[in-house]
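Undergrad: 3D model of this:
(chains A and B)
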Amino acid sequence: MARVAKVTRNFYRDSVALMQLSARLVAVQGVRQASAVMASPSNLALLREAGLLGDEVAASPNDLLIAVDGTDAAVEAALAEAERALNQAPPAAGGGAAAREIAPRSLEMALEAAPAANLALISTPGDYAAAEAMKALRLGLHVMMFSDNVPGTEEIALKRYAAAHDLLVMGPDCGTAIVGGVPLGFANVVRPGPIGLVAASGTGLQQVTCLIDRLGGGISQAIGTGGHDLSREVGGTTMLQGLAALAADAATRVIVLISKPPAPEVAARVLDRARAAGKPVVVNFIGADPATIAAHGLIPARTLEDAAALAVAAASGTPSEPVGTAPPDPPRPAPGQRYVRALYSGGTFCYEATLLLAEALADVHSNTPVGGARALPDPWRSRGHTLVDLGDDVFTRGRPHPMIDPRLRLERLAQEARDPATAAILLDIVLGYGAHADPAGVIAPAIEAAIAEAAQAGRRLAVVGFVCGTAADPQNLMRQEERLRAAGVLLAPSNAQAARLAARIAATAES
Amino acid sequence: MRLFTEKLQVLNVGLGAFADAIEAAGGAATRIDWTPPAGGDRSLGLALARLVNDARVEAANRTAFAAYLAAQPVAQGIAPAREAVPGMDRRIILHAGPPIDWAEMCGPMQGAIIGAILFEGWASDPEGARRLAAQDAIAFAPCHHHGAVGPMAGVISPSMPVWIVRDAATGRECFSNLNEGLGKVLRFGANGAEVITRLRWMAGTLRPVLEATLQEAGGIELKPLMAQALHMGDEVHNRNAAATSLLLRRLLPPMLASRAGRGEIAEAVGFIAGNDHFFLNLSMAASKTMLDAARDVPASSMVTAMARNGVTFGIQLSATGNRWFTAPSPIVDGLFFPGYSTADAAPDLGDSAITETAGLGGFAMAAAPAIVNFVGGTPDDAIANTAAMGHITLGRNGGFTLPAMQFAGTPAGIDARKVVDTGLLPIINTGIAHREAGIGQIGAGITRAPLDCFTQAVAALAAALPDG
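TA: Got it, this is the predicted structure:
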């Protein structure tokens, strides 16, 4: 037991406030008696009579005296309670002028307003993004960095700090994620379920989550890593952390990993850890050799669509089934129509389609070449089979991304349609938060005009496309598909099927 | 990972549409009204980020802030500066703000120095005084370098009487000159015969009366008096009407009981009663006493002084001792006496921003709604200003409470990091001097400390702390 008198010099409170404080202190468990008074001679005498004050205390009437009698722990708790009560900030709400709080100006200030916040979503210009991310981490927040153009050294520093503090840094250049059912950045509204993803590609993540949704499956978490995470320098920090987190997550039964082929030593480390996850892991390192993945006891997927189908199958324990089918009988091109012209807004879609086309056809070009494709000398002019990623820096410098602003793609569409060598135009339409409010509505009239113009010239222009989205997206998958179908688009359910259909059309022309 | 089991709550920095989407999908998002911190200086922004929630800085700030709270300033006595203030037993004149050469000084400061030279008898006319000042025959130093503070020009010469304010907690002493009242006064650069005559009377009559009074009283505790004044409509920087009355009430009984003569007492009481700002200099010395207690804590980002010399605005940081971080002194936004305008105003001047540094003045504006009249504001604005300062400070001073804000303590202990991160600049209530010497006060208003001072301070702190 203890009896303590604490004096705070020159600390005036009126008697009502002190009575309220005394009542708070008496309510502390284990306190027998407590009183807070201004240390006037009469108050000191009262405390002595009450047995709360023993020896003389050095205190003047300007001083606040807190006397507590109780167990040692209770006295300590009561004094801490008094400290809190006496130094508290004004109540945030309460009407009138005091309620006119300014909007938070910094992460730290926002955290005062929302102390339970657990993630910072950063989309500032790249120059400032690393600083904001570092502040967020230092305040104990996970981070998603939508911002791009963040120097590699800063990404590494952030991810090192985060990993050491059990925090996640998604990005930089992370376009999308789904955490706890909440879509972040450019994300689709998908059903909840047992499949967790870690993806180094934003549109790759969108395609797989949407196709899982289309197959009736659902998503637990979808972690984006940003496009540089699996480089040798960064070492896959975020993917390894995400993988470990999903492995430990009871709600996740199947894990999907998506990336362009990582640096070999990073790939080896990721696959080793995936093998140890104790859950089925589907891996799509787009275009990589499936044998290595299979050799690790993991499930290789050739395409994003395969990844979705294999994950749903693994989660449900049934054999995998395809995600619908593309139209079986495309129109045969007229003589002279030979080439596929693909106008992509999603970089990973372009990448995957380039690989698929280059397998089936010769003379394939791209502004972002991969596999057997060759570089386009002039990205603004197609040659042979051409796939352009319109989200590439060449096209977005000084203008919005084609997922937001369709004008650039509409111009290129008209240009390709006029080319008598064009047999098929291949397009992606991306839905979800952040994307254009009605992408099909904008592009459909341009497609109708292109097909009509080609027909007048005696050509049969095939327009092949697919919509990456879900029924629950703000734009609604069905309505968007309906509008495109009405415009004459040959709709495939996935990028892979759309690319293969376009390749088939070109192949019939060449044969 | 806990993130998967907790409810996701997002702080959104950047594109507002992302916060909209999160909310539309049923999630929780807090929007941040973000602009590039540190005025857009990318590398300083990164340095600042590494100081956020730094364990060393946080611990140092707790130490510094606790020392600030623990200080107990007591008006202990009055004495000539040469006897009380260390280093003043020579031809030296102290001035407000950071260091500045004679040739660079603003008009009011030069005028005040000429007056001080005449008062000391070092020259017989203003021209002689000016020559002396320009010849380096007299040393100039900031008040702050001698434990002192002075309003406006802040000029203190060896024969002038100073308040001695002692911290009962540490024994440290701080000083301020005595307030001369309004009109033609030295602190606004006036140096005519009436000014010098008044200074002589203050040294020859007022000082002995107050000295005898304080001897009789045995010292006056200043914090309770200031706390009470805050409950009576003062913020003890630009409004001291209540505090001066409380002080006079406190002085009268010992004054009458002292050995001072009735005639002198009558003159002294008449002088104090006729000057609403008489308490200001004590408020400043008390503020400096509290802040000096927080000085020299390595790694602390707490601001220990803000002061202006009419040309530059300077701040000091606990971690970096006496080093000044300066920027051009801002022009004050305010109300002008008839016939004057912004064009006549000297840039912000005086050590009196020490009160804001201590959580008073503009930081306690909620206590003094009448002050916002100077900028055409409302009492609600006064409360909003105090609330905003709560976002750039380390804590609350429970010793100074604000009735209009549910008796919360004043926000105190400016954290330079938070100023740079939020861009919220410390608000200062202040008088406005005419830019020419001797014309005096031409208005009063509200100004802000310049961001540049704080960005430099943060850079220096970052440089002093290796990554950790």
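Undergrad: Which residues of the stretch 351-468 of chain B lie near chain A?
TA: Contact residues, the stretch 351-468 of chain B versus chain A (Cβ under 8 Å from any Cβ of the partner chain): B:379-380, B:383-384, B:387-388, B:390-391, B:395-396, B:398-399, B:401-402, B:404-409, B:418, B:421-424. Bear in mind the C-beta positions are built from the backbone N, C-alpha and C, glycine included.
Undergrad: remind me which residues of the stretch 151-300 of chain B are low pLDDT?
TA: For the stretch 151-300 of chain B, no stretch has pLDDT under 70.
Undergrad: In it, what residue comes closest to chain A?
TA: Scanning the stretch 151-300 of chain B for proximity to chain A using Cβ to the nearest Cβ identifies B:K223 as nearest, at 3.9 Å.
Undergrad: Which residue is the nearest non-sequential neighbour of that residue?
TA: Nearest in space to B:K223, with sequence neighbours left out and distances taken as Cβ to Cβ, 6 or more residues apart in numbering or on different chains, is A:N10 at 3.9 Å.
Undergrad: my guess is the one you found is in a helix, correct?
TA: No. Under DSSP: H, G, I helix; E, B strand; the rest coil, A:N10 falls outside any helix and is assigned coil.
Undergrad: burial count for it?
TA: 21 (other Cβ atoms under 10 Å in any protein chain shown).
Undergrad: need the contact list for it.
TA: Under the criterion of Cβ atoms under 8 Å, 6 or more residues apart in numbering or on different chains, the contact partners of A:N10 comprise A:N62, A:D63, B:Q72, B:E221, B:K223, B:P224, B:A227, B:G399.
Undergrad: so the second one touches A:M38, yeah?
TA: Yes. A:D63 is within contact range of A:M38, at 7.2 Å (criterion: Cβ atoms under 8 Å).
Undergrad: on that earlier part again, contacts only, for the residue of the stretch 151-300 of chain B closest to chain A.
TA: Listed by Cβ under 8 Å, 6+ apart, the contact partners of B:K223 are A:R9, A:N10, A:N62, B:Q72, B:P73, B:A286, B:G399, B:F400.
Undergrad: Same list (those residues) but as TSV, adding secondary structure and distance to B:I354.
TA: Shown next, in TSV, are those (DSSP: H, G, I helix; E, B strand; the rest coil; distance: Cβ to Cβ, whole Å):
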residue	secondary structure	distance to B:I354
A:R9	coil	21
A:N10	coil	19
A:N62	coil	23
B:Q72	coil	17
B:P73	strand	12
B:A286	helix	9
B:G399	strand	17
B:F400	strand	15
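Undergrad: Quick check: chain neighbours aside, which residue is closest to B:L44?
TA: Using Cβ to Cβ, 6+ apart and skipping residues adjacent in sequence, the residue nearest B:L44 is B:A38, 4.2 Å away.
Undergrad: same deal with A:I102?
TA: Taking Cβ to Cβ, 6+ apart, and ignoring the residues beside it in sequence, A:I102 has B:A388 as its nearest neighbour in space, at 5.8 Å.
Undergrad: quick one: B:A266 and A:F186, what's the gap?
TA: Taken as Cβ to Cβ, to the nearest Å, the spacing of B:A266 relative to A:F186 amounts to 81 Å.
Undergrad: ugh, wrong one, A:T508
TA: Distance from A:T508 to A:F186, counting by Cβ to Cβ: 36 Å.
Undergrad: Compare neighbour counts for these two and give me the winner.
TA: Between A:T508 and A:F186, counting by other Cβ under 10 Å, A:F186 is the more crowded of the two (27 against 13).
Undergrad: which parts of stretch A:153-170 are buried?
TA: A:154-159, A:161-163, A:167-170 (16 or more other Cβ atoms under 10 Å in any protein chain shown).
Undergrad: Then stretch B:401-411?
TA: Residues of stretch B:401-411 classed as buried: B:T401, B:L402, B:A404, B:M405, B:F407, B:A408, B:G409, B:T410, B:P411 (neighbour count, 16+ other Cβ under 10 Å).
Undergrad: How far away from the center of its chain is that stretch?
TA: Its chain's C-alpha centre and that of stretch B:401-411 lie 20 Å apart, by Cα atoms, centre = their mean, to the nearest Å.
Undergrad: what's the first-to-last distance across that stretch?
TA: The first and last residues of stretch B:401-411 sit 10 Å apart, counting by Cα to Cα, to the nearest Å.
Undergrad: Am I right that A:G217 is in contact with A:A315?
TA: Yes. Proximity of A:G217 to A:A315 meets the contact threshold set by Cβ under 8 Å, at 6.0 Å.
Undergrad: Which residue does chain B have closest to chain A?
TA: Among the residues of chain B, B:G14 lies closest to chain A, at 3.2 Å counting by Cβ to the nearest Cβ.
Undergrad: which ones are touching that residue?
TA: Applying Cβ under 8 Å, 6+ apart as the definition, the contact partners of B:G14 turn out to be A:L121, A:I122, A:S123, A:T124, A:F146, A:S147, B:W34.
Undergrad: From B:F454, how far off is the last one?
TA: By that I understand B:W34. On the measure of Cβ to Cβ, B:W34 and B:F454 end up 18 Å apart.
Undergrad: go on, A:T209?
TA: Applying Cβ to Cβ, the value for A:T209 to B:F454 is 45 Å.
Undergrad: what's the answer for B:D348, then?
TA: Distance of B:D348 to B:F454, computed by Cβ to Cβ: 15 Å.
Undergrad: related to what we said a few turns ago, and for A:G217 and A:A315, which residues touch both?
TA: Residues touching both A:G217 and A:A315 (Cβ under 8 Å, 6+ apart) are A:G193, A:P194, A:I195.
Undergrad: hang on, the last one in a strand?
TA: Yes. Under three-state DSSP, A:I195 sits within a strand.
Undergrad: and the end-to-end length of stretch A:236-255?
TA: First residue to last in stretch A:236-255 (Cα to Cα) measures 16 Å.
Undergrad: avg pLDDT for stretch B:47-65?
TA: Summarised as a single mean, pLDDT over stretch B:47-65 is 97.
Undergrad: Please enumerate residues in contact with that stretch?
TA: Taking Cβ under 8 Å, 6+ apart as the criterion, the residues outside stretch B:47-65 that touch it are A:107-108, A:130-132, A:134-135, A:138-140, B:37-38, B:294-295, B:297-302, B:304, B:318-319, B:394-395, B:412-413, B:415, B:417, B:420-421, B:458-459, B:461-462, B:465, B:467-468.
Undergrad: can you give me the offset of stretch A:368-384 from its chain's centre?
TA: On the basis of Cα atoms, centre = their mean, the separation between the geometric centre of stretch A:368-384 and that of its chain is 30 Å.
Undergrad: can you tell me which residues contact the residue nearest to A:L215 when sequence neighbours are not counted?
TA: Counting by Cβ to Cβ, 6+ apart, A:V312 is the residue found nearest to A:L215 once chain neighbours are left out, at 4.5 Å. Contacts for A:V312 (Cβ under 8 Å, 6+ apart) come out as A:I195, A:I212, A:L215, A:G216, A:G217, A:S320.
Undergrad: Skipping its backbone neighbours, what lies nearest A:A114 in space?
TA: Taking Cβ to Cβ, 6+ apart as the measure, A:A114 lies nearest to B:T30, with 4.4 Å between them; neighbours along the chain are not counted.
Undergrad: Please pick the buried ones from the contacts of A:N10.
TA: A:N62, A:D63, B:Q72, B:E221, B:K223, B:P224, B:A227, B:G399.
Undergrad: between the residues you listed, which is nearest A:R397?
TA: Distance from A:R397 was checked for each of these by Cβ to Cβ. The minimum falls on B:G399, at 58.2 Å.
Undergrad: hang on, the earlier thing: next step: the contacts of stretch B:47-65 restricted to strands.
TA: B:T304, B:L394, B:G395, B:A412, B:G413 (DSSP state E).
Undergrad: Name whatever forms a beta bridge with the third one.
TA: Beta-bridge pairing for B:G395 (DSSP bridges): B:A412.
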